[in-house]
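Student: sequence first, then the predicted structure:
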Amino acid sequence: MQENPGPQVPYGAQYPYPPAPPSPPRSWFLPMPSGTRFDHLARNEVARPWRAIVGTLALAALFLIVATVVLSAGAVVAVILGIPAPLDVNTGLFGDPVFGMVVMLLSIAAVLPFVFGLAALVQRRRPGTLSSVAGRLRWTWLATCAGLALLALVAGQTVQVLALAVSGEGYADMFGWVGWERFLPALIVIVLLVPFQAAAEEYIFRGWFLQAVGAHVRNPVWGILIGAALFASLHGYSWTGLADVFAFGAVMGWLAVRTGGLEAAIALHVMNNMLAFGLSAAAGTLDDALIQSKVVVPWQALVGVVVQFGLYAFGVLYLAKKRSVGTISG
């Protein structure tokens, strides 16, 4: 008589499948869109017009708040150090032009971390996407652009001096020497702070703003021109100086799109400001250079600007193509 084998055991009952592992938490940072231009890097899945508007307004407010805090702190430090006449429009931002330059540069440079923070918090993207289509600052390309910027600046200054000489205008006041004792402290400040000040302005106008507009507008011209106009509006120069600044902003915005990053714009901005402040410090006119209403930009300077920007733009595009610099995100 056959034994009862007992109830049939379902297959797998003794060895159940292990429970599925929990899905990993989703990263706050959304992937960078692939195959897009630099001005479209903010076009992720949460891109909405309100994010661009709120972020831009917040950045403008932070710019004013940071400037106020830094200027107030500078005034306190000036009193402690015995620096005369803070906020004296007759002698400069502060009684000591070097100290005034420190405060002015810091009031702009200190905004840079907030630009990165807004990209992360408002647009949920990695701050590196403000730099280039590679998601980071391309240092080798930046160094290459810096060398080219120096050559373009020398060529532009040479043409400006020649234009002043041909038109019978004097140019001797552009150059001078006050001695190492007065020049060296200013030079140290220029070398240490100007790169951060210039980079902050590029990340604001050619980084954040250009990409905030580009997140919703296909043609980059709107972001380039509006950003250049806003950039020029923050300067208090004469019409020739404002034309120079607007042209700079437009050309740098165009190069940012064409080269896929801010390296070309940062390089020329840093070298230009270092040269401008350096010449003023060497000539002993730094106090006047800090008050933009006192800066006289002759019309002959525009001739040098055309040469400078034209040579630089041509060189940047040529080297970018020769070195296969990425212009589209991977």
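Tutor: Sure, I can see it.

Student: my read: residue 328 touches residue 133, true?
Tutor: Yes - using Cβ atoms under 8 Å, residue 328 is in contact with residue 133, at 6.1 Å. The C-beta positions use only the backbone N, C-alpha and C, and glycine is treated the same way.

Student: which one's more surrounded, those two?
Tutor: residue 133 (25 against 12; other Cβ atoms under 10 Å).

Student: show the contacting residues for that one.
Tutor: Neighbouring residues of residue 133 by Cβ atoms under 8 Å, 6 or more residues apart in numbering: 36, 37, 38, 41, 260, 261, 326, 327, 328, 329, 330.

Student: quick check on the residue nearest the centre of the chain: phi, psi?
Tutor: For the chain, residue 202 is the residue whose C-alpha lies nearest the centre (Cα atoms, centre = their mean; 1.8 Å). Main-chain torsions, residue 202, degrees, to the nearest 10: phi -70, psi -40.

Student: what's the pLDDT at it?
Tutor: You'll see residue 202 listed with a pLDDT of 98.

Student: and for the one 10 residues further on?
Tutor: At residue 212, the predicted lDDT confidence score is 97.

Student: could you say which helix or strand holds the residue lying closest to it once chain neighbours are set aside?
Tutor: With Cβ to Cβ, 6 or more residues apart in numbering as the criterion, residue 212 has its nearest non-adjacent residue at 4.0 Å, and that residue is residue 52. Counting by DSSP states H and E, the element that carries residue 52 is helix 49-81.

Student: what residues sit buried inside that helix?
Tutor: For helix 49-81, the buried set under the neighbour-count rule, 16 or more other Cβ atoms under 10 Å, comprises 51-52, 55-56, 59, 62-63, 66-67, 70-71, 74, 78.

Student: helix or strand with the lowest mean pLDDT in this protein?
Tutor: The weakest-scoring helix or strand in the chain, judged by mean pLDDT, DSSP states H and E, is helix 286-289 (a mean of 82).

Student: what sits in contact with each of residue 328 and residue 133?
Tutor: Between them, residue 328 and residue 133 share the contacting residues 36, 37, 260, judged by Cβ under 8 Å, 6+ apart.

Student: what about the last one? Give its phi and psi, please.
Tutor: Spelled out, that is residue 260. Torsion angles, degrees, to the nearest 10, at residue 260: phi 80, psi 20.

Student: same question for the second one.
Tutor: Summarising the backbone geometry of residue 37 under the convention degrees, to the nearest 10, its torsions are phi -80, psi 170.

Student: how far away is it from residue 324?
Tutor: For residue 37, the distance to residue 324 equals 16 Å [Cβ to Cβ, to the nearest Å].

Student: which one's more surrounded, these two?
Tutor: residue 37 (20 against 7).

Student: tell me where the stretch 101-250 of the chain has helices.
Tutor: Taking DSSP state H, counting those that start in this stretch as the test, the helices found in the stretch 101-250 of the chain are 112-121, 139-166, 180-202, 210-214, 221-233, 239-259.

Student: minimum distance to residue 102: which of those has it?
Tutor: With Cβ to Cβ as the criterion, residue 102 lies closest to helix 180-202 of the helices of the stretch 101-250 of the chain, at 5.5 Å.

Student: which helices and strands sit right next to the closest one?
Tutor: helix 97-109, helix 112-121, helix 263-283 (3 or more Cβ pairs under 8 Å, 6 or more residues apart in numbering; DSSP states H and E).

Student: switch to 6 Å and redo it
Tutor: Under the contact criterion of 3 or more Cβ pairs under 6 Å, 6 or more residues apart in numbering; DSSP states H and E, helix 180-202 touches helix 97-109, helix 263-283.

Student: now it and helix 112-121, what's the angle there?
Tutor: Relative orientation of helix 180-202 and helix 112-121, computed by axes from the mean of the first three to the mean of the last three Cα atoms, to 10 degrees: 10 degrees.

Student: where does this structure dip in pLDDT?
Tutor: Applying pLDDT under 70 to the chain picks out residues 1-25, 85-93, 170-173, 293-294.

Student: one more time with 80
Tutor: Scanning the chain for pLDDT under 80 picks out 1-26, 84-95, 168-175, 288-297.

Student: hmm, back to that, looking at the shared contacts of residue 328 and residue 133, which is nearest residue 161?
Tutor: The closest of the shared contacts of residue 328 and residue 133, once distances to residue 161 are taken by Cβ to Cβ, is residue 260, at 35.0 Å.

Student: closest one to residue 154 among the helices and strands packed on helix 180-202?
Tutor: Going by Cβ to Cβ, the one of these nearest residue 154 is helix 263-283, 8.9 Å.

Student: for that closest one, buried residues please.
Tutor: 263-275, 277-283.

Student: and what of stretch 105-124?
Tutor: 105-112, 114-116, 118-120, 122-124.

Student: try stretch 302-321
Tutor: By 16+ other Cβ under 10 Å, the buried positions in stretch 302-321 come out as 302-305, 307-309, 311-313, 315-317, 319-320.

Student: now the helices and strands packed on helix 180-202 as a markdown table including distance to residue 144?
Tutor: Output for the helices and strands packed on helix 180-202, formatted as a markdown table (distance: least, Cβ to Cβ, whole Å):
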| stretch | distance to residue 144 |
| --- | --- |
| helix 97-109 | 24 |
| helix 263-283 | 8 |
